[in-house]
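Asks: Quick one, structure for this:
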Amino acid sequence: MSPRKNRRTVSGGPSRGGGAWTQETEEGPDGEWIVRAISGAGAAKAYRCPGCDQEIPPGVAHVVAWRADDEGGRDRRHWHRPCWQARDRRSPRVMRSRDAPRY
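Replies: This is a model prediction of the structure:
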């Protein structure tokens, strides 16, 4: 079951040029989230995706998400779009040491 997207949408863009973004509120099994879609032109820095632990390079479109109850979005995270959409279908990534057992 995919998260339900509410119809509350805000559009805008960064204050210093760059690409535009759209922002929506999504409800899912893990709560209510503010989700901002960042265009490739608006992605100026590299970020680490919490879903796959891979880098999102500059210039790649992605989403920024934070809990709706997080005032000001201080705990926001940058995600690949597919990783964000699959967050409820995958378990947390477990970091193992080199010789640790895989069970």
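Asks: Skip ahead from the lowest-mean-pLDDT helix or strand in the chain and say which helix or strand is next.
Replies: None of the helices or strands of the chain scores lower by mean pLDDT, DSSP states H and E than strand 4-12, at a mean of 49. Tracing the chain C-terminally past strand 4-12 and defining elements by DSSP states H and E, one meets strand 21-28 next.
Asks: show me where the protein has strands.
Replies: 4-12, 21-28, 31-38, 47-48, 55-56, 62-67, 77-79 (DSSP state E).
Asks: what ranges of this structure fall below the confidence cut-off?
Replies: 1-20, 91-103 (pLDDT under 70).
Asks: Could you dump the strands of the chain into TSV and include distance to A86 and mean neighbour count?
Replies: From N, CA and C alone the C-beta is placed, and that goes for glycine too. Output for the strands of the chain, formatted as TSV (distance: least, C-beta to C-beta, whole Å; neighbours: other C-beta atoms under 10 Å):
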stretch	distance to A86	mean neighbour count
strand 4-12	16	10
strand 21-28	12	16
strand 31-38	14	18
strand 47-48	17	15
strand 55-56	15	16
strand 62-67	12	19
strand 77-79	10	20
